[in-house]
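Engineer: Pasted the sequence and its predicted model underneath.
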Protein chains: 2
Amino acid sequence: MDVTVSHAEADCRGVSEILSRVGDKWTIQVVVSLRLGARRFNELKRQVGGISQQMLTRTLKTLERDGLVDRTVHHSTPPQVQYTLTPLGHSLSETVRQLAEWAVMHRGAIEDNRLQYDASGKLQAFPT
Amino acid sequence: MDVTVSHAEADCRGVSEILSRVGDKWTIQVVVSLRLGARRFNELKRQVGGISQQMLTRTLKTLERDGLVDRTVHHSTPPQVQYTLTPLGHSLSETVRQLAEWAVMHRGAIEDNRLQYDASGKLQAFPT
DNA sequence: CGGAATCCTGCGAGATACTG
DNA sequence: CAGTATCTCGCAGGATTCCG
C-alpha cells in the first residue's frame, strides 16, 4: 500500500464506509433518538417506529461494536438494558446534525428538481 | 427556529432520505470527483474505479434528477458528455466534506473499538 | 464514446416464532 | 423485557450485450 497516493482517494473510501454505516435505513434514527437521552430496547423500538426488533438489534450491535453506543445491563426483574451514546457517538451525531440541516434546507429544492425532471419527458427513464 | 422538538421526527425522515441517497455506494465518490471539475462519462468511470457503467449511469441520472449535477451533451465525433456539479451539488459536497473530516478523524478510533469488541469474546456474535 | 436493455446474484431487511 | 434463530423476498448492484 503506497502511502504516497493522493490520500484524497483513500480518504474517500473511508468516508464512503462511514456514510454507508450512517446512511443505512435505521442508524440515524436510532442515534437521533439516543441523542435525547438513554433508552431501553423497547423504548427505542417504539420511538423509532417501523423498525423490526431484528434490525434494531443489529443496528445497536453495530453501533456498540463501533464504539458509538454503550450498552448497560441491569439484572433486575424484568431485566433492563440501557443504551446511551458514547462521546464518540455524540460527536458523530453533531456532525450528522449539520447534514440534517442541509437536508431540511434543500429538501424542497430537490423535490422541485425531481418534479421538473420527471415532467420533462424523461419519465420512463426513471423507474421509481 | 427549531425550538419545537416535535418536528424533529419529520425532519429525521427527510434526513434519512438524504443520507440514503448520499450514503449509497457510489454517489459520494462521484460527487467528490466532480468537485474537482467537469468530467466526461468514461473519465468518471476511470477515476471512481470499480464502478460499473450501469451504476455510474444510474448514479449520474439520479444526481441529475435531484438537480445536483448538470449534464451537457456535445454532438461531436466522438460524442462527448460533460458532467458538472450544480450550485446545489456544490453546497452538498461542502456539507459532506465536513462529515468526511469527521470520518477521517475518527476512523482509527472506530477500528480500534471494533478490534476490541471482536476480541472480547463476542466474535461469533458478529458474522462478517 | 455514452449509454440502454437484459440477466443474475447476494445481501438488506421484514415477519414470525422461540428462549432466558 | 430483551433478545436469537429462520425463512423469505426485494432490490441494489455486477457482468454482459446491444445501440446511435
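Structural biologist: Great, that's in hand.
Engineer: And the helices in chain A, which stretches?
Structural biologist: Taking DSSP state H to define them, one finds helices in chain A at A:7-22, A:27-35, A:41-48, A:53-65, A:87-119.
Engineer: In chain A, which residue sits nearest chain B?
Structural biologist: For chain A, the residue positioned closest to chain B under CB to the nearest CB is residue A:23, at a distance of 1.9 Å. Glycine gets a C-beta too; all of them are placed from N, C-alpha and C.
Engineer: which residues touch that residue?
Structural biologist: By CB atoms under 8 Å, 6 or more residues apart in numbering or on different chains, the contact set of residue A:23 is B:19, B:20, B:22, B:23, B:24.
Engineer: what residue lies at the spatial centre of chain A?
Structural biologist: By CA atoms, centre = their mean, chain A has its centre lying nearest to residue A:28, at 2.5 Å.
Engineer: Run a quick neighbour tally on the closest residue to that residue other than its chain neighbours.
Structural biologist: Spatial nearest neighbour of residue A:28, chain neighbours left out: residue B:16 (5.4 Å); criterion: CB to CB, 6 or more residues apart in numbering or on different chains. Using other CB atoms under 10 Å in any protein chain shown, residue B:16 has 21 neighbouring residues.
Engineer: wait, residue A:21 sits on residue A:62?
Structural biologist: Yes: counting by CB atoms under 8 Å, residue A:21 touches residue A:62, with 7.2 Å between them.
Engineer: any residues in contact with both of the two?
Structural biologist: Shared contacts of residue A:21 and residue A:62, defined by CB under 8 Å, 6+ apart, comprise residue A:27.
Engineer: for stretch A:103-113, which positions count as buried?
Structural biologist: A:103, A:104, A:106, A:110, A:113 (16 or more other CB atoms under 10 Å in any protein chain shown).
Engineer: Would you enumerate the residues in contact with the closest residue to the last one other than its chain neighbours?
Structural biologist: Right, residue A:113. Using CB to CB, 6+ apart and skipping the chain neighbours, the partner closest in space to residue A:113 is residue B:67 (3.1 Å). Residue B:67 sits next to A:109, A:110, A:112, A:113, A:114, A:116, A:117, B:86, B:88, B:89 when contact means CB under 8 Å, 6+ apart.
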